[in-house]
Structure formats: C-alpha cells, structure tokens
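Peer 1: Predicted model and sequence below, questions to follow.
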Amino acid sequence: MDMAMNRLARLSKKEYFWITLLTLLVLAMHFSIILYPNSIVLDEEFYVNDARHIISGDATLRAEHPPLGELLITAGMLVFGDNSLGWRFFTVLMGSASIFLLYLICRRLAMSRRVSFLAGFLLALENLTFVQSSVAMLDAANVCFMLLAFWLYLRGDYPLAAVAGAFSVLIKLPGAFAFIAIGLHWLVARRDRTRLFVLSMVLAPLLFFELMPLLDFAITGELVNPLNRVVNMITLSGSIKFATSPFHPSTSRPWEWLISLKAMPYNWDPDYLAVISPTLWALILPTVAYTSYLIKKGSDAALFSVLWFASTYLVLIPLQLITDRVTYVFYFFPTVGAVCMGLGMGLSQLLGLWQNKGRGKLRLTAISIFCLYLLLHVAVFLLLSPVFFRWVPAAIRRLLF
C-alpha cells in the first residue's frame, strides 16, 4: 500500500499528470451522456444526415462548409454505427483534447505549470465549451485544430502549424482567423526565420485548395473547382442576414454577447444550454483590460491572449456590421480559450498576494476570493451541465430557461 502511494505521489509530480487527469475526467463526463439523447440535436440534423448520404453513396456537397468536418462525423458513424455514439465520438474526443492543448500553449508562452493548469481548469468546466464539445457539429474539431496550430507555431514548427491551420479551415472557413493571430504575433514578437515562416503561411492556403477537391471527391466522386466552392460558401453564408432571414429567438449580435448573457437551448432532457459560463462572462472585459496592461509589462502570454481574442472575436464585429450576417452565441466558442488564459494569469496574482506572508489581511482576502471564485465556477458548471442537470431542482430549472 505504501509503495503504491509513493508511486502515486511521484507520478503526481510529473509535468502532465494533473492536466491529463483533468482531460480524462472531462472525457468521461462527455461519454457518460453521449448516448443521451439518442436523437438529433439542433444542427446535428444537417451534419448527421449529410453523413448518412455519404455512407449510402448519394451525397451532395454542403454548400456553406468545407468537407472535413462532415467526414469526421462520417468516420465515427462507420466505426460505431448510425447512433449518438457514432455521431458525436470525434466531437467529444477533439473537444476534450482542446483542454490539453490549451495547457501546452500556456507552457510554450512561459506560463508556470500552476497558471497553465488553472487556464485548463477554467476551460474544462466552462459550459459553452462543454456543450459545444458534446454535439455533432463542426466547431469542436475546428477549434481543436486551431489550438494545435497555435501550439505548433509557438514551438517554432511553422510548416506543421500551417498544416494544422489548414485542417481547421477545411472544417469551417472561420478557422482562417487563427492565421490572423499567428501572423500578428509573429510580426510583433518574433520575426524569426522569415523565409520559413512566409513559406509556411503560403503553404496553408495551397494545402487547403489542394485537399478540398480531394475531400469533395471522396464525398461525391466528382472533382469540383475549389475557387468556385469557396466563393459559393462565402456567398451563401453572407446571404443569411438579420434583415431578411426568418426570426430566430437565439440569434444575437457579437457585441451583445459581452453586454448580457445570451442562451441558446439545444435540447431538453438532458438539457443542453449553450451559454457562456456566467463566472467567465462577467470577467471577459476585465480580463482583456488586464492582459492589455500586462502587454506593456512585456508579457508574451498576455500578448498572444489579446491577439487570439481580437482575431477570433473582435473581427466578428466589423464583419457583422458590414454583412448583417446572422450570428449565434456559440460563435464565441473559439475565443473562450483566450479568456481562460488571461483569466488564469489574473487569478494567479491573487495566489501571489496570498504567498506574500507580509500582507496580513490582504493575503487572507486574496486567497478567499481565489477559492470562492473557483468554487463558484464549479458550481455554475454543475448547475448548467447536461451531466448534472437532472438533479437541479425544477424551480431553478424554470428560472434558468
């Protein structure tokens, strides 16, 4: 017994022990509800039905998205069958992997193990992230490849980062926003190996336009002009406007997501409610302000966090004003990791005050706020998560919805 405890103690000191444990815990929670409901949820209607057509051999191309995301759903169905496990398997896997990838990104930005784990913890128990990673839509895979591209870029593996970024775009075109963050960070903070970086950034669109026709061919058996495909995607996406589309109660404009909590019900019993965790939502603007301040202090992690936030969220505001494109709160999903990173840096300052033994009451206040915040973040997740929602009292349930 003592030997086992000693081995466990040694194992717990390993670099990736706790973040691996956290990732596996989230994965287990996903798999605990992956069969519920065993029916289509929201936009799964489009992607699962498309996958069925691909399997049956009579598929046509989905005009508004590239093909890779649907092929991942198809792969899950080929392995596990036409059921909720098959539909959602790769979404769950890649959504959970994003927690580990965020930790790796933080470590590459010279953030401590403690702060990096804190960022991963905030992401793991963030409601919008968990819900979006539970359903057979394209976003979890898109974000996973985006985070992989960030990590590879920060490692200096520029060609591989371009490949991962191209895969993100092959799932959803907004995956291209990742290259805005990468390009701006390289210009501001790196400017190293210029030829390799530029060639890598050229490689990404070339790879996209080479692979998309092949993936389309795998679906339809026909070669399609990739330039025409992209034009059609952009045209169709831009045609879904607030002014002309039928009213939908869950639509909202990007700036509204920071002003008030916007919820989008996906399913009832279990209840999938796409809403940014209130504990995170309330601190988005303070977090961005704090990380902007840290940039002046020379923090590369803060710089990357702000550029990530600007490239995946702020860019949506002028685009929406120009196009009047209909948007939903789950479009904020690719930005959640940037907020968790910045918030982790802010919360770490409270721990710093607590560790300063000469601070007296300030020290006690700091650790109290830190612990209460994390407890509240966990409590909000337990309240909103489809894993635990069946135990929430009916009165609270009615209040939330």
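Peer 2: Yep, that arrived. Numbering: from 1, shown residues only.

Peer 1: Now do the lengthiest helix in the chain: which elements does it pack against?
Peer 2: If you go by DSSP state H, the chain has its longest helix at helix 194-220. Contact partners of helix 194-220 among helices and strands, from 3 or more C-beta pairs under 8 Å, 6 or more residues apart in numbering; DSSP states H and E: helix 68-80, helix 158-171, helix 177-185, helix 226-238. (Glycine included, C-beta is placed from N, CA and C.)

Peer 1: Just tell me which of those helices ends up closest to Phe197.
Peer 2: Nearest to Phe197 among the helices and strands packed on helix 194-220 is helix 158-171; the distance by C-beta to C-beta comes to 5.1 Å.

Peer 1: who touches that closest one?
Peer 2: Contact with helix 158-171 is made by 65-69, 72, 138, 141-143, 145-146, 148-150, 152-153, 175-176, 178-179, 182, 193, 196-197, 199-201, 203-205, 207-208, 211-212, 215, as judged by C-beta atoms under 8 Å, 6 or more residues apart in numbering.

Peer 1: Dump that helix to PDB, keeping only the CA atoms.
Peer 2: In PDB, the C-alpha atoms belonging to helix 158-171 read as follows (Å, rounded to 0.1, in the frame of the first residue of the first chain):
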ATOM      1  CA  TYR A 158       5.900  26.700 -38.700                       C
ATOM      2  CA  PRO A 159       5.100  24.200 -41.600                       C
ATOM      3  CA  LEU A 160       3.200  21.900 -39.200                       C
ATOM      4  CA  ALA A 161       1.300  24.900 -37.800                       C
ATOM      5  CA  ALA A 162       0.300  25.700 -41.400                       C
ATOM      6  CA  VAL A 163      -0.900  22.200 -41.900                       C
ATOM      7  CA  ALA A 164      -3.000  22.200 -38.700                       C
ATOM      8  CA  GLY A 165      -4.400  25.600 -39.500                       C
ATOM      9  CA  ALA A 166      -5.400  24.400 -43.000                       C
ATOM     10  CA  PHE A 167      -7.200  21.500 -41.400                       C
ATOM     11  CA  SER A 168      -9.100  23.900 -39.200                       C
ATOM     12  CA  VAL A 169     -10.200  25.900 -42.300                       C
ATOM     13  CA  LEU A 170     -11.100  22.600 -44.100                       C
ATOM     14  CA  ILE A 171     -13.700  22.200 -41.300                       C
END
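
Peer 1: okay, now the closest residue to Tyr158 other than its chain neighbours: neighbour count?
Peer 2: Leaving aside its chain neighbours, Tyr158 sits nearest to Ser200 (3.8 Å; criterion: C-beta to C-beta, 6 or more residues apart in numbering). Using other C-beta atoms under 10 Å, Ser200 is surrounded by 22 other residues.

Peer 1: Quick check: Ser200 vs Ala149, distance?
Peer 2: The spacing between Ser200 and Ala149, counted by C-beta to C-beta, to the nearest Å, is 11 Å.

Peer 1: circling back to that earlier point, quick one, which of the contacts of helix 158-171 are buried?
Peer 2: The neighbour-count test (16 or more other C-beta atoms under 10 Å) marks 65-69, 72, 138, 141-143, 145-146, 148-150, 152-153, 175-176, 178-179, 182, 197, 200-201, 203-205, 207-208, 211-212 as buried among the contacts of helix 158-171.
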